[in-house]
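Chemist: The sequence and its predicted three-dimensional model are supplied below.
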Number of protein chains: 2
Amino acid sequence: MTQPETWAALRAHWQDLADLGGIGSLLGWDQSTYLPRGGAAGRARQQALLSGIRHARGTDAAYGRLLDQAGALDLDPVDARMLAVARRNFERATRMPGAFVRAFSQHAGESYAAWVEARPANDWARMVPLLERTLDLSVQNAAFFPEFTDPMDYFVDASDEGMTAAQVDAVFAELRRELVPLVDAVEAAPAPRTDFLFRAYPVPAQLRLAEEIAGLYGYDFTRGRQDLTAHPFMTRLGARDVRITTRAQLSDPTDALYSTLHEAGHALYEQGVAEALLDTPLGGGVSAGVHESQSRLWENLVGRSRAFWAGQFGRVRDAFPEQLADVSEEEMFRAVNVVRRSLIRTDADELTYNLHVITRYELERQLLGGTLAVADLADAWHAAYDANLGLRAPSDVDGVLQDVHWFGGGIGGAFQGYTLGNVLSAQFFAAAQAATPDLDADIARGEFGRLHGWLREHVYAPGRTFTPNELVVRATGQGMTAAPYLAYLRGKYTDLYSL
Amino acid sequence: MTQPETWAALRAHWQDLADLGGIGSLLGWDQSTYLPRGGAAGRARQQALLSGIRHARGTDAAYGRLLDQAGALDLDPVDARMLAVARRNFERATRMPGAFVRAFSQHAGESYAAWVEARPANDWARMVPLLERTLDLSVQNAAFFPEFTDPMDYFVDASDEGMTAAQVDAVFAELRRELVPLVDAVEAAPAPRTDFLFRAYPVPAQLRLAEEIAGLYGYDFTRGRQDLTAHPFMTRLGARDVRITTRAQLSDPTDALYSTLHEAGHALYEQGVAEALLDTPLGGGVSAGVHESQSRLWENLVGRSRAFWAGQFGRVRDAFPEQLADVSEEEMFRAVNVVRRSLIRTDADELTYNLHVITRYELERQLLGGTLAVADLADAWHAAYDANLGLRAPSDVDGVLQDVHWFGGGIGGAFQGYTLGNVLSAQFFAAAQAATPDLDADIARGEFGRLHGWLREHVYAPGRTFTPNELVVRATGQGMTAAPYLAYLRGKYTDLYSL
């Protein structure tokens, strides 16, 4: 093969891998939105089959030889990074036998299907043997990478390349030290009015409103769509098909609104990757933490700001004139920022959210370390919530059965990215503010174009061209630091609660 | 391999083929229901990739050796037929090169995406080069099977095994001979009242009603669901995931109702295949004609009967009390059976429908025979409608661009099954009536269980265990004959129009 032929063959192979990835995303999207109950077992088998095919294509010996040959090519820096990422993916994947990948995928599908029924039935006992197998498979998964002595190091690195469990431990310790007294202070202050959030808000109007604002943010509905699901997510089904999902409650309009804005943030990232990188190994978000930084930035730093409500309150009141007849803009702003210790991670406010994440991360560490048995996990969950949040769920529905992650995937690395994302969201937003004079005034006018443009240029367009750490340094001038996040929280809640 | 091992390996392979088929169905279902515009090109590529994978699995040399080894096994009749059908599929598929299958699938996806835009824009010129390529690929497709001297023979046999184009020609000639004077007589008679069908019927209530009746028919919504699309279809996404789609118009409630009942008929067939056959080569409907017989049976023989309206009119009036305040059951029965020459096949009444099909079949025959060029097809369409139905579409939107078939698949064999289905629907229904005393009285009480049970036993459960001809003989006591269909039409319209 000539050099151009080698590169063309690699690009074609990457295109196929991207297309298989998109097919897998469609199987998952449908499973979480429209799949009839009877189809669950068959869908799990289809997902397992496709995982096996993807794994075979991603670890194919001929593909390995192509990667080796390409090592001799004279590549520009972006193509060189493309090749390096492909080689890393290939080496990671070839460590895992196809049969293992297929078995894990099939198990995850079955476990997910069981969880969908077991959660509303509060049937933790049904999930125990399934989760024991999940833990076993997760430990086996990490063991294919013996250079990580602690399984959690493998999982942290897998989702945020270059980061270690010890670093996560350190950031989490700093956050806990700062947040616990802040939560205490806030809880001691008078609570804002929230009564009007519990009125009846017809769901179709909620969805229209949320989608309108996602559109203002810059989410492109010609390259995506929104559907309802139990546990909202964003998913890339193709280079130009990036979908979001949301959920809605008649008596809490903030649930649909902020679920939508959160997933729209993820989607802005995926839709913003440079065209030239799409369907290549660089054509997507770079890490779990950076991804979550974008969902949280658009959900919280923007969507729960005073400037946002200055721009959007009129629109929201027009959608719900009766429900909001006696509500002021300032009351709305305060209500969507109420701090209240609660049982549900995805309902949690910005301050207490991190305590939910830290709890799960610590339980994962114990499970992977062998100091906690799955059979004891439901009780350990209750004890940890008691210790970290001073709360105890009345059942496992809002306890250990709460989140899909362990029941539809693996144990390890599923949660810490959420809090790393919070930390990075403030760091990126501060950098955007510094580079963009009067950004708050834009937001207060309902104009998000300059913010979106800055983020697209500095965070989205590069895709995986830089490592997470490189990207953070290039965009913000320094490595990851919790300082902007803590400053943001202190400033916001000192103001809101007159601390 | 031991004999049980050989059979188990075959079953596992068939399971994979069925799962890949289900994944392909999901790609198509999503394309026709929810795919955002930007995703069209990527979806076409995904479909082509998956077609290639399916083709490779279906023609794999190791699979061929397994089939050969299985020839020596001592099999019961059902397993022997399973193996025979698998061998036929294998032999058919191995004749077509994988690159051809992939190119055809990719082209079909691109053509479909173009048609979705070209049809509303009345842009026939855009479709000409695409359809020329479709015709070229269709002719190439037939040429892989040189034992069929006429390409149409290949396509007819491919959708209704054992049937020839000459037989279709003969049935169509008999139908035309009988139907043309019947249509003339009906058109000379006073038309029934239909004004009330054009009132405003809110779409959500239409869908609820249609799904309620599909449920009464026996469609199992725990193993399926209904969604909206432009061109309704039924699709099997898995052994226990058989979905239907419909469309709805505010000012014509019969469109959604009968689209739903039509697709529900297809779905009853697929949902009724015996459990033991699911995910095997016998696990689905046996042919295009038999399939269409079930959609037309439930849509027309049942759903447009006087007995049906005796049982359902109250339910329909309860759903639309204002719109139907001045309408009697008899008026409704007559309105849904109005005969009116029209431009749109899927809107056509039972009598004129066959003339739409015959028109398309004749155009396909000319295209495949080389006596008509694609560039002249739009004009030929208008001329044929003029000749066969005495009508001329004002544009190509309701002319050559009307149906998806040629633009999302191939040319040849796409249509004749509809009319063969009409013929068989009456033959099966007459047999069910003969075997089930007082069947009309059941239907008039809104009870469809005995009819569904008879059809499940005699038509659905066997799947592909028998050839279409065998199935017809076993279920009705004789080979396919137009006599029951013509008797049904003559009786029904003589009564309705007092001829």
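Modeler: That came in fine, so what should we check first? Residues are numbered from 1 along each chain as shown, chains lettered A, B, ... in the order given.

Chemist: residues from the stretch 101-250 of chain A in reach of chain B?
Modeler: Contacts of the stretch 101-250 of chain A with chain B, taken as C-beta under 8 Å from any C-beta of the partner chain, map to A:220-225, A:227, A:237-241, A:243. Bear in mind the C-beta positions are built from the backbone N, C-alpha and C, glycine included.

Chemist: can I get those residues in CSV with distance to residue B:97?
Modeler: Converted to CSV, those look like this (distance: C-beta to C-beta, whole Å):
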residue, distance to residue B:97
A:220, 39
A:221, 40
A:222, 36
A:223, 34
A:224, 36
A:225, 36
A:227, 39
A:237, 29
A:238, 27
A:239, 28
A:240, 30
A:241, 30
A:243, 35
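
Chemist: Drop anything exposed from those.
Modeler: By neighbour count, with 16 or more other C-beta atoms under 10 Å in any protein chain shown, these hold A:220, A:223-225, A:227, A:237-241, A:243 as buried.

Chemist: Mind picking the two most distant members of these?
Modeler: Using C-beta to C-beta, these reach their maximum pairwise distance at A:227 and A:239, which is 19.8 Å.

Chemist: Cross the residues of the stretch 101-250 of chain A next to chain B against strands and list the overlap.
Modeler: A:227, A:237-238, A:241, A:243 (DSSP state E).

Chemist: can you count the residues close to the closest residue to residue A:73 other than its chain neighbours?
Modeler: Excluding the flanking residues, the one nearest residue A:73 by C-beta to C-beta, 6 or more residues apart in numbering or on different chains is residue A:3, at 5.4 Å. By the criterion of other C-beta atoms under 10 Å in any protein chain shown, residue A:3 has 13 neighbours.

Chemist: Quick check: residue A:3 vs chain B, distance?
Modeler: From residue A:3 across to chain B, the span is 25 Å (C-beta to the nearest C-beta, to the nearest Å).

Chemist: And stretch A:382-400, what's buried?
Modeler: By 16+ other C-beta under 10 Å, the buried positions in stretch A:382-400 come out as A:382, A:384-385, A:388-389, A:393, A:396-400.

Chemist: again with stretch A:454-473
Modeler: Under the neighbour-count criterion of 16+ other C-beta under 10 Å, stretch A:454-473 has A:454-456, A:458-460, A:462-469, A:471-472 buried.

Chemist: same question, stretch A:72-85
Modeler: Neighbour-count burial for stretch A:72-85 [16+ other C-beta under 10 Å]: A:75, A:78-79, A:81-83, A:85.

Chemist: Quick one: mean pLDDT for it?
Modeler: For stretch A:72-85, the mean per-residue pLDDT is 95.

Chemist: Output it as CSV - backbone C-alpha positions only.
Modeler: C-alpha atoms of stretch A:72-85 as CSV (Å, rounded to 0.1, in the frame of the first residue of the first chain):
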residue,chain,number,x,y,z
ALA,A,72,5.8,5.3,9.5
LEU,A,73,3.7,8.0,7.9
ASP,A,74,4.6,11.7,7.9
LEU,A,75,1.5,13.1,9.6
ASP,A,76,0.5,16.6,10.7
PRO,A,77,-0.1,17.0,14.5
VAL,A,78,-3.9,16.4,14.4
ASP,A,79,-3.5,13.2,12.2
ALA,A,80,-0.7,12.1,14.5
ARG,A,81,-2.9,12.5,17.5
MET,A,82,-5.7,10.7,15.6
LEU,A,83,-3.4,7.8,15.1
ALA,A,84,-2.2,7.8,18.7
VAL,A,85,-5.8,7.8,20.1
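
Chemist: Farthest-apart pair in the residues of the stretch 101-250 of chain A next to chain B, please.
Modeler: A:227 and A:239 (19.8 Å).

Chemist: domains of chain A?
Modeler: Domains of chain A are assigned by automatic domain parsing as A:3-118, A:165-496.

Chemist: any chance of those in a markdown table, plus distance to residue B:419?
Modeler: Shown next, in a markdown table, are those (distance: least, C-beta to C-beta, whole Å):
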| stretch | distance to residue B:419 |
| --- | --- |
| domain A:3-118 | 32 |
| domain A:165-496 | 38 |
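
Chemist: what's the closest of those to residue B:46?
Modeler: Comparing these under C-beta to C-beta, the one sitting nearest is domain A:3-118, at 4.8 Å.

Chemist: Endpoints of that closest one, how far apart?
Modeler: Across its full length, domain A:3-118 reaches 55 Å between end residues, using C-alpha to C-alpha, to the nearest Å.

Chemist: Keep only those of the buried residues of stretch A:72-85 that are in helices.
Modeler: Applying DSSP state H to those, the entries found in helices are A:78-79, A:81-83, A:85.
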